[in-house]
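[1] next come a sequence and a model predicted from it.
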Amino acid sequence: MALDTPFQKLKNDDLMENVMRSTTGKKNRRWIGIVVIVILLLGAGVLFTVRRNIRATQAEAEARTGDVVTAVLGDLAATASATGQIESEQVTNLSAETPGIVQAVLVRVGDTVAAGDVLLQLETANLEFRVARMQQNLTLQEVDLEALQNGSVAEDIAAAETAVISAQLNLENLLAGPTEQDIAESEANIRAQQANVASASATYNSTLDSVTDSAIASAQVELINAQTAYNNAVDVNEDDPNADTHAALENAATDLTVAQTALDALLDGPVQGNVNSSAASVSAAVANLDQTQANFDKQLLGATASQIAAAQASLAQAESTLDRLVESASAADMAIAEAEIEQARLSLIDAEESLAKATITAPFDGLVTAVNVSEGEMGSGVLVQINSNSYQVILSVDEIDVGIIAPGQEAIITLETWSDVEISSEVISIAPSANSNDGIIFYDVTLQLAESELPILVGMTANAKLITLSRDNVLLIPNAAITADRANDTYTVNLISGDLNGIPLTEEVDVTIGLADNDFTQIISGLSEGDEVLIGELIAPVQRFGPGRGN
């Protein structure tokens, strides 16, 4: 980015029209002027030379060497220019909170959507079931709280008393050890498991012995008979070929294939799948027997200390529950019940939100820039991307120039696609930290783009001109009329001081300059409004530009 101080377009056009209004003399007078000039130059040996300002640009081409221009009042503005990219003010990636099957995709890339429009729908059966379950849980918690508030009912107390009796009996049984009947039942169970092992082993052996010599011999006989029948069918078909003999031949061929397949299967031995299945049944029966035997051994040893402790804890819990029901509900019980209701309510809200989020909607007006799933696919990650309809321009501004830019400054944007259309904008932020590229330090400057009827797209190249300084109603002359002495930091112009037979006479005068752009420079001192100055070398016929000098 460089400070090139281009003039505002509308003001520039008006000023150029005002300054560059051409006036010429009559045709004969022009040629007389040429002759007189040649005589004066030859006789006096005088050469008019004017050094052209090195800052003259292509825009000054209308002011040519030998032209005479008039100092006029006008407005001038300096700008800093830079190039950047169009970006959306807001980009949102929409995802599913809980992955699910995509039921419907209602938009495509490039669609314009409004806030609230449905973009994509996930299947909701599981989510709806979860909502119903959470609603039921909340209802149960509310019923429990109501029961505490109203006092325990007789049914609850009876159930609690039954739980106490059951826990007491369980503890007593553990302490007493197994009865003769328990031992007899366990021994009978062991015998049943042993029988299962024997049966599974017999099945396994039967599977291994399923292929016998007699079965193979029978299959061989069937194959010989099938071969003979096939040979006969071949002969008959060759002697009298017709539809019937051909059908008989095909049937004989099929029977031969079946007989051969049966014999091959027998020769291959038992089916390995059946063998494996029988072996697995034996292993399972043995494992059940081992587990039954282990349980019986533990039963004979009696209850362990941990089992007795667990039974005692269950009895204590049952007795505590009964006591609580018999007594009125305490404040702590109420608090616990209320907390459980709140937790159930929050779980319901969470389930309802998950159900709502299965419907993906547009959060704002914008343009769909990506759709990453299709109907029937599992929707996870980023499903849809939306860009807002408001655009910004992000400029990379050199650290040398960033000091003259501030939020609120106006700017003019032109796009490479529509270079002749100007769009107003404003600086809204300057990045607080710098970026670096090949040792060059620069800052990101963000401009807010005004609304435009142009079909602007993200990524378009934008040329920005930021108005950094302006002067109104100041004295201006074209840049080409100024000669700069860089060594001494002085500036001069060739002021028209008189006229000799239509030929302008000039004198070099010092001027003090102010603000400048690509076309014009502000004159602070040295000239007055209406003064005429010569650009470059004197050429005949002379072209005069300025107000009050019509053709």
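    Now that the structure is in, tell me what you want to look at. Note that the coordinates shown come from a computational prediction; the quantities given were computed from them, not determined experimentally.
[2] outline the domain layout of this structure.
    As given by automatic domain parsing, the domain ranges for the chain are 1-89+390-551, 91-123+364-386.
[3] reformat those as CSV; add mean neighbour count and mean pLDDT.
    Any C-beta I mention is one placed from the backbone N, CA and C, and that applies to glycine too. Putting the domains of the chain into CSV (neighbours: other C-beta atoms under 10 Å; pLDDT from 0 to 100) gives the following:
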stretch, mean neighbour count, mean pLDDT
domain 1-89+390-551, 16, 71
domain 91-123+364-386, 16, 87
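[4] using CSV, please lay out those domains together with distance to A188.
    CSV is the format used below for the domains of the chain (distance: least, C-beta to C-beta, whole Å):
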stretch, distance to A188
domain 1-89+390-551, 80
domain 91-123+364-386, 52
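[5] tell me what the helix or strand containing A279 is packed against?
    Using DSSP states H and E, A279 sits within helix 272-301. Helices and strands touching helix 272-301, by 3 or more C-beta pairs under 8 Å, 6 or more residues apart in numbering; DSSP states H and E, are helix 180-208.
[6] mind listing what's buried along the helix it packs on?
    With burial defined by 16 or more other C-beta atoms under 10 Å, the residues of helix 180-208 counted as buried are S186, N189, Q193, Q194, N196, V197, A200, S201, T203, Y204, T207.
[7] just checking, next helix/strand downstream of the helix holding A279?
    Downstream of helix 272-301, the first helix or strand assigned by DSSP H and E is helix 305-326.
[8] what angle sits between the helix or strand following that next one and helix 305-326?
    Going down the chain from helix 305-326, the next helix or strand is helix 331-357, by DSSP H and E. Taking axes from the mean of the first three to the mean of the last three C-alpha atoms, to 10 degrees, helix 331-357 and helix 305-326 form an angle of 100 degrees between their directions.
[9] who does the helix or strand just after helix 331-357 pair up with?
    The C-terminal neighbour of helix 331-357 among helices and strands, as given by DSSP H and E, is strand 359-361. In the sheet, strand 359-361 lines up against strand 118-122 (antiparallel) (DSSP bridges).
[10] contacts for the strand it pairs with, please.
    The list of residues contacting strand 118-122 from outside it, by C-beta atoms under 8 Å, 6 or more residues apart in numbering, reads 94, 96, 100-107, 113, 358-362, 368, 371, 373, 379, 383-384, 386.
[11] next structured bit after that strand?
    helix 125-150.
[12] counting by contacts, list what the very next helix or strand once past that following helix packs against.
    Following helix 125-150 in sequence order, the next helix or strand is helix 154-176 (DSSP H and E). With contacts taken as 3+ C-beta pairs under 8 Å, 6+ apart, helix 154-176 sits against helix 305-326.
[13] what's the angle between the helix it packs on and helix 125-150?
    60 degrees.
[14] which secondary structure elements does helix 305-326 contact?
    Applying 3+ C-beta pairs under 8 Å, 6+ apart, we find helix 305-326 packed against helix 154-176.
[15] distance from the chain centre to the helix it packs on, please.
    Here the centre of helix 154-176 is set off from its chain's centre by 61 Å, with C-alpha atoms, centre = their mean, to the nearest Å.
[16] repeat for stretch 350-361
    On the basis of C-alpha atoms, centre = their mean, stretch 350-361 sits 20 Å off its chain's mean C-alpha point.
[17] report the buried residues of that stretch.
    For stretch 350-361, burial by neighbour count (16+ other C-beta under 10 Å) applies to A351, S354, L355, K357, A358, I360, T361.
[18] quick one: low-confidence residue ranges for the stretch 251-400 of the chain.
    Along the stretch 251-400 of the chain, segments meeting pLDDT under 70 span 269, 271, 327-330.
[19] mind doing that once more with 80?
    Within the stretch 251-400 of the chain, the set of residues satisfying pLDDT under 80 comprises 263, 265-275, 298-303, 324-334, 389, 398-400.
[20] so the residue most central in space within the chain, which state does it fall into?
    Central residue of the chain (C-alpha atoms, centre = their mean): N93, 4.1 Å from the mean position. Put simply, N93 is strand when judged by DSSP: H, G, I helix; E, B strand; the rest coil.
[21] still on that earlier bit, now distance to N126 too, for the buried residues of helix 180-208, in a markdown table please.
    Supplementary listing: these in a markdown table, determined by distance: C-beta to C-beta, whole Å:
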| residue | distance to N126 |
| --- | --- |
| S186 | 45 |
| N189 | 43 |
| Q193 | 42 |
| Q194 | 47 |
| N196 | 42 |
| V197 | 45 |
| A200 | 42 |
| S201 | 47 |
| T203 | 44 |
| Y204 | 45 |
| T207 | 45 |
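[22] of these, which one scores lowest on pLDDT?
    Checked by pLDDT, those have T207 as the lowest-scoring entry (76).
[23] not counting its neighbours along the chain, what's nearest that residue?
    In space, T207 comes closest to S278 once its chain neighbours are excluded; the distance is 4.6 Å by C-beta to C-beta, 6 or more residues apart in numbering.
[24] list the buried ones in stretch 342-351?
    Of the residues in stretch 342-351, A344, S347, L348, A351 count as buried by neighbour count, 16+ other C-beta under 10 Å.
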